[in-house]
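Colleague: Quick check, what structure comes out for this input:
(chains A and B)
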Amino acid sequence: MAFLSYTKKASISLPCAASLPYEILTDYDTYNEWMPHVTQSKLLAKEGDLAIAEFEITRPVKEKFALECIHTRNKMVLTRTISGKIPASQFEWIIQADGEKKCQVTLTIQGKANWHRLVPSYRSFMNASKCLDALQSQVSAFSPDLAVSDQGGEKIIELAETEQGLVCWIRGKKYNLTPAPEGK
Amino acid sequence: MIKAVINLEAPREHVFTILTDYRAYTKWLPGCEQAEIVSSSGDTVDTDLIVNSMKKMRMGLRFEAQPTQSLTFRMTSGKDMKSYAGSYRLMDAADGKGTVVIAEMEIDAGAMVPKFMVDRIAKKSIDDTGNALKEYVKKVPSQAGAAPKAAAPARAAEAKPRRARRIMQVIKTADGYRVWMNGETYNIKGK
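Modeller: Okay, the predicted model is just below:
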């Protein structure tokens, strides 16, 4: 029943392998770091290509919603709203590899055509272009090749979170940072 | 199809045992006044249920189980609804603290009752069932031991090394500084 739903679609080209956006999109514990309006996100369960996740948004009202997520490795992530009152019923992320270091991500959001879609916060949450911009920002945090900040110039300071902890480069020299004892 | 997610602080085997103890449905399923097993063959069980919620209904329900994985049910007899079907899918919680159940329900009450109304009733029914199951799981001790099974090792085995994540970068350019932080770029011009 198409008149009871509506669709928003946008695409973006990313200078990274398809595996990177796929990893970000299937890391349900970290959506709150990048997805607009998501303040909490948690993986509840995962079995094979099916995952159940719970997200929370705080605008326009605090709302928790559960999603069932179906994946096809490095190609597609489909999330459907199982419970909660948000007007979005489905987010479909299609990832198309374009060589080894480029890919295109297309996001199609399906929503329920009720009055909720007129609420600015929901409109913003369900804005496919904004979601893709946010994904690009998150991708840039993992991909040193992304031309967001490497457009020439001298790299003075770089701070990164690695498996070994926080690492800082100051004018090319590497420092491993360790947490200071509490209260010092 | 109406769906709901139910988080239960109990091992999957224990939840499955409760869901397949059909005679005990009268102890926890909201409105269930009678639950009798009519026949059973392997993991398929035919039951006779009387449920008193919006109105008193008698129906035959066939349950088909996939041990510790899922339980599906569908109406085989009854005059009050055209069709009634659903399922429970059981998954280990990712945090290792119990079971996540995905409940699904589909009701067709016939052409005389609007679908939005049926869906609303189904949603309430599935939510009430989830809450009742949560309470009942806490009351009934697990025969395999009270402590929830630790599913965390399974997840840990799945865990893969995380990529290095850039947090901040400061670049000196001819015009000043370019600061990249958490995905945003800021240009700071020199005086």
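Colleague: Which residue ranges make up each domain of chain B?
Modeller: Following automatic domain parsing, one finds the domains of chain B at B:2-139, B:161-189.
Colleague: Confidence-wise, which of these is weakest overall?
Modeller: In terms of average pLDDT, domain B:161-189 trails the rest of the domains of chain B, at a mean of 81.
Colleague: Now do the strands in chain A.
Modeller: Remark: strands assigned in chain A by DSSP state E are A:5-14, A:38-47, A:50-57, A:63-72, A:76-83, A:88-97, A:103-112, A:154-162, A:165-170, A:173-177.
Colleague: Over to chain B?
Modeller: Going by DSSP E, chain B shows strands at B:2-8, B:32-41, B:44-52, B:56-66, B:70-78, B:83-92, B:99-108, B:165-172, B:176-181, B:184-189.
Colleague: quick check: mean pLDDT across stretch A:140-156?
Modeller: Stretch A:140-156 comes out at a mean pLDDT of 67.
Colleague: Tell me which residues of the lowest-mean-pLDDT helix or strand in chain A come out buried.
Modeller: Across the helices and strands of chain A, mean pLDDT, DSSP states H and E gives its lowest value to helix A:120-125, namely a mean of 73. Within helix A:120-125, the residues scored as buried using 16 or more other Cβ atoms under 10 Å in any protein chain shown are A:122, A:125. Backbone N, C-alpha and C define where each C-beta goes, glycine included.
Colleague: again with stretch B:112-127
Modeller: B:118, B:121, B:122, B:125, B:126, B:127.
Colleague: mind giving me the domain split of chain A?
Modeller: Under the assignment automatic domain parsing, the domains of chain A span A:2-142, A:149-179.
Colleague: In chain A, what residue comes closest to chain B?
Modeller: residue A:137 (2.5 Å; Cβ to the nearest Cβ).
Colleague: how many other residues sit next to the residue in chain B that chain A sits nearest to?
Modeller: Nearest residue of chain B to chain A (Cβ to the nearest Cβ) works out as residue B:183 at 2.5 Å. Residue B:183 has 19 neighbouring residues, counting by other Cβ atoms under 10 Å in any protein chain shown.
Colleague: Residue A:54 and residue A:38 touch, don't they?
Modeller: No. Shown here, residue A:54 and residue A:38 do not form a contact pair, counting by Cβ atoms under 8 Å, at 10.7 Å.
Colleague: related to what we said a few turns ago, include distance to residue B:114 when you put the strands of chain A into TSV, please.
Modeller: Supplementary listing: the strands of chain A in TSV, determined by distance: least, Cβ to Cβ, whole Å:
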stretch	distance to residue B:114
strand A:5-14	18
strand A:38-47	33
strand A:50-57	30
strand A:63-72	25
strand A:76-83	22
strand A:88-97	20
strand A:103-112	17
strand A:154-162	53
strand A:165-170	58
strand A:173-177	62
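Colleague: nearest to residue B:86, of those?
Modeller: The closest of the strands of chain A to residue B:86 is strand A:76-83. By Cβ to Cβ, the value is 13.5 Å.
Colleague: What is that closest one packed up against?
Modeller: Helices and strands touching strand A:76-83, as assessed by 3 or more Cβ pairs under 8 Å, 6 or more residues apart in numbering or on different chains; DSSP states H and E, comprise strand A:63-72, strand A:88-97, strand B:2-8.
Colleague: now the angle between strand A:88-97 and that strand, please.
Modeller: If you take axes from the mean of the first three to the mean of the last three Cα atoms, to 10 degrees, strand A:76-83 sits at 170 degrees to strand A:88-97.
Colleague: Now do strand A:76-83: everything it contacts.
Modeller: A:22, A:25-26, A:52-53, A:65-71, A:88-95, B:3-5, B:102 (Cβ atoms under 8 Å, 6 or more residues apart in numbering or on different chains).
Colleague: switch the cut-off to 7 Å
Modeller: Contacts with strand A:76-83, where a contact means Cβ atoms under 7 Å, 6 or more residues apart in numbering or on different chains, come from A:22, A:25-26, A:65-71, A:88-95, B:3-5.
Colleague: Put the buried members of these into a PyMOL selection.
Modeller: Restricted to buried positions by 16+ other Cβ under 10 Å, the PyMOL selection for the contacts of strand A:76-83 reads:
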select buried, (chain A and resi 22+25+26+65+66+67+68+69+71+88+91+92+93+95) or (chain B and resi 3+4+5)
